[in-house]
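**Student:** following is a predicted model, sequence given first.
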Amino acid sequence: LMFKQDAETIKAEVKDRDSIVQIEMSWSIPHPDFKVQYELWTVPSDEVFRDFQKDWKDVEVKMGDKLYFTPRQYVYDGV
């Protein structure tokens, strides 16, 4: 969700440009243990995610104990 005034600025930028507009959203959430907690959801057959996992591994190793990662997978019953 965005404030209307922020959304109007972005909409105007998209209309005026003949190129991609990149937006970053961020927010502050207190972390009493000073760790970033995140989870990623995927399915076992997701080829794109496998490449991401390989690339992300280096980042995760460098962050050490500052990250708390929970992998999640959707499992379908095949019906």
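**Tutor:** Looks like it arrived, so ask away. Note that the structure is predicted; figures quoted are calculated from it, not measured.

**Student:** only C-alpha atoms for contact and neighbour calcs from this point on.
**Tutor:** Will do.

**Student:** now the helix or strand that contains Thr70, how far from the chain's geometric center?
**Tutor:** Element membership for Thr70 (DSSP states H and E) is strand 67-73. With CA atoms, centre = their mean, to the nearest Å as the basis, strand 67-73 stands 12 Å off its chain's centre.

**Student:** who touches it?
**Tutor:** 35-44, 60 (CA atoms under 8 Å, 6 or more residues apart in numbering).

**Student:** now do the buried residues in the one helix or strand Val61 maps to.
**Tutor:** Assigned by DSSP H and E, Val61 belongs to helix 47-63. Buried residues in helix 47-63, counted by 16 or more other CA atoms under 10 Å: none are found.

**Student:** swap in stretch 3-18?
**Tutor:** Here stretch 3-18 shows no buried residue, counting by 16+ other CA under 10 Å.

**Student:** only alpha carbons, please: show that stretch as PDB.
**Tutor:** Extracted C-alpha coordinates of stretch 3-18, given in PDB (Å, rounded to 0.1, in the frame of the first residue of the first chain):
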ATOM      1  CA  PHE A   3       0.000   7.000   0.100                       C
ATOM      2  CA  LYS A   4      -1.800   8.600  -2.800                       C
ATOM      3  CA  GLN A   5       0.700  11.400  -3.200                       C
ATOM      4  CA  ASP A   6       3.600   8.800  -3.600                       C
ATOM      5  CA  ALA A   7       1.600   6.700  -6.000                       C
ATOM      6  CA  GLU A   8       0.800   9.800  -8.200                       C
ATOM      7  CA  THR A   9       4.500  10.600  -8.400                       C
ATOM      8  CA  ILE A  10       5.300   7.100  -9.600                       C
ATOM      9  CA  LYS A  11       2.400   7.000 -12.100                       C
ATOM     10  CA  ALA A  12       3.600  10.300 -13.600                       C
ATOM     11  CA  GLU A  13       7.100   9.000 -13.900                       C
ATOM     12  CA  VAL A  14       5.900   5.800 -15.600                       C
ATOM     13  CA  LYS A  15       3.800   7.900 -18.100                       C
ATOM     14  CA  ASP A  16       6.600  10.400 -18.900                       C
ATOM     15  CA  ARG A  17       9.400   7.900 -19.400                       C
ATOM     16  CA  ASP A  18       9.900   5.500 -22.300                       C
END
